[in-house]
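Q: Sequence isn't available, so here's the structure alone:
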């Protein structure tokens, strides 16, 4: 069937974390007839959302009524000219079944564009590097990349409860970008895209079903809760969800490396550090300060990000993260 694509400018003037302007395009396919289970039915078309510079970045996402957006399944494209592929489970990774192979263990990594691998090829992402290192060491550990560009901690939590837990991970790594995750967690629109929002410390979800960007002129909803407070609460609840299945949670904080001389950034980090014990005291949660580890290695922002747009990690940055995470998991005796 020929495809008819409709393009519409959905939002403009939404600043990214580094002050860039995001404009979102929405692409919709025609409805189509499908034959399934012996009957013919009309299948609703998928809705895709796309930021400007698509030709430059190769980024496009699938609308999700509960999460806002997610990776497109079985997709092949490029990110700034570098290979980008996803599997049938919407992960930027090789194919995995929900059931673990016998005798194997799993790490599921939740995160935003840093985890997703903005600007680097599939093989250069830290999750791939870490899995390869395990293989070279003879360890039967799989590392699954569940990162989605632009997601906040709230969306990552909702994804884990709905889909991520199906992979039965033994370790869950939550990559927490202190540069914008606290803000992402208190607003219903990010980068021009609608998203779910927790409105209170009971994690009551608002703005769901998430309005489709093409058809709804939704006003932004802002939570009155401090971004770090709601982020901490989400991490507490994620710890409890992991405890239900015996998974260990690793909170991997980073962001200060981009602005080491910023007084306000250091104050934000200090506030978060004061809240971390409220998470780890629950048991089953571990805290990795990635910024402190970068500093120990004298890894500068230029070394970690040179050549990649918007301050994201370059291949050296991803390699460094993989090394730090590997050593942390070993030191915490989590790779048993």
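A: Alright, I've got the coordinates. Because the structure is a prediction, the values reported are computed rather than measured.

Q: Next, residue 77: phi, psi?
A: The phi/psi pair for residue 77 (degrees, to the nearest 10) reads phi -160, psi -160.

Q: And the pLDDT for it?
A: What the model reports as pLDDT for residue 77 is 86.

Q: wait, doesn't it sit right on residue 48?
A: No - judged on Cβ atoms under 8 Å, residue 77 makes no contact with residue 48 at a distance of 11.7 Å. C-betas here are computed from N, CA, C, even on glycine.

Q: intersection of neighbour lists for the two?
A: Jointly contacting residue 77 and residue 48 under the rule Cβ atoms under 8 Å, 6 or more residues apart in numbering are residue 60.

Q: Now the lengthiest helix in the chain: buried residues?
A: When the chain is parsed with DSSP state H, its longest helix is helix 227-245. Neighbour counts over helix 227-245 (16 or more other Cβ atoms under 10 Å) mark 227-239, 241-242 as buried.

Q: From those, pick the one nearest residue 151.
A: Looking at the buried residues of helix 227-245 and their distance to residue 151, the nearest is residue 234, at 12.1 Å (Cβ to Cβ).

Q: residues contacting that closest one?
A: Counted by Cβ under 8 Å, 6+ apart, residue 234 has contacts 153-154, 157, 185, 198, 203.

Q: Recalculate using a threshold of 7 Å.
A: Residues counted as contacts of residue 234 (Cβ atoms under 7 Å, 6 or more residues apart in numbering) are 153-154, 157, 185.

Q: Please narrow those to those residing in helices.
A: Those of those mapping onto helices are 153-154, 157, per DSSP H.

Q: out of these, which is most surrounded?
A: Within the ones in helices among the contacts of residue 234, neighbour counts (other Cβ atoms under 10 Å) peak at residue 153, which reaches 28 neighbours.

Q: What distance do you get for that one to residue 110?
A: 8 Å (Cβ to Cβ, to the nearest Å).

Q: Repeat that for residue 176.
A: 9 Å.

Q: Equivalent analysis for residue 295, please.
A: Counting by Cβ to Cβ, the gap from residue 295 to residue 110 is 24 Å.

Q: So between those two, which is more surrounded?
A: Taking neighbours as other Cβ under 10 Å, residue 295 and residue 110 compare with residue 110 leading, 27 against 14.

Q: Just give the nearest non-adjacent residue to residue 175, would you?
A: Spatial nearest neighbour of residue 175, chain neighbours left out: residue 111 (3.2 Å); criterion: Cβ to Cβ, 6 or more residues apart in numbering.

Q: Distance from stretch 190-199 to the middle of the chain?
A: Chain-centre distance of stretch 190-199: 14 Å, with Cα atoms, centre = their mean, to the nearest Å.

Q: from now on call the first residue 870
A: Okay, using 870 as the starting number, the last item reads as stretch 1059-1068.

Q: That stretch - what's its average pLDDT?
A: For stretch 1059-1068, the per-residue pLDDT averages 90.

Q: Kindly report the same for stretch 1132-1149.
A: For stretch 1132-1149, mean pLDDT rounds to 95.

Q: what do you get for stretch 950-969?
A: Across stretch 950-969, the average pLDDT comes to 95.

Q: swap in stretch 1010-1029?
A: Stretch 1010-1029 carries an average pLDDT of 97.

Q: swap in stretch 1071-1082?
A: What stretch 1071-1082 shows for mean pLDDT is 92.

Q: ditto for stretch 1155-1173
A: Regarding stretch 1155-1173, the rounded mean pLDDT is 97.

Q: Next: stretch 1088-1102.
A: Average pLDDT, stretch 1088-1102: 94.

Q: who touches it?
A: 1022, 1050-1052, 1054-1058, 1066-1070, 1072, 1075-1076, 1140-1141, 1144, 1147-1148.

Q: hmm, try it at 10 Å
A: 883, 1021-1023, 1026, 1045, 1047, 1049-1059, 1063-1072, 1075-1076, 1120, 1137-1138, 1140-1141, 1143-1145, 1147-1148 (Cβ atoms under 10 Å, 6 or more residues apart in numbering).

Q: quick one on the thing from earlier: what do residue 1045 and residue 979 both touch?
A: Residues touching both residue 1045 and residue 979 (Cβ under 10 Å, 6+ apart) are 1022, 1025, 1121.

Q: now those in CSV, with distance to residue 972?
A: Converted to CSV, these look like this (distance: Cβ to Cβ, whole Å):
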residue, distance to residue 972
1022, 33
1025, 28
1121, 27
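
Q: of all the residues you listed, which comes closest to residue 993?
A: residue 1121 (18.1 Å).

Q: nearest residue to that closest one other than its sequence neighbours?
A: Once flanking residues are discounted, residue 1121 sits nearest to residue 1157: 4.6 Å by Cβ to Cβ, 6+ apart.

Q: I am finished for the moment; much appreciated.
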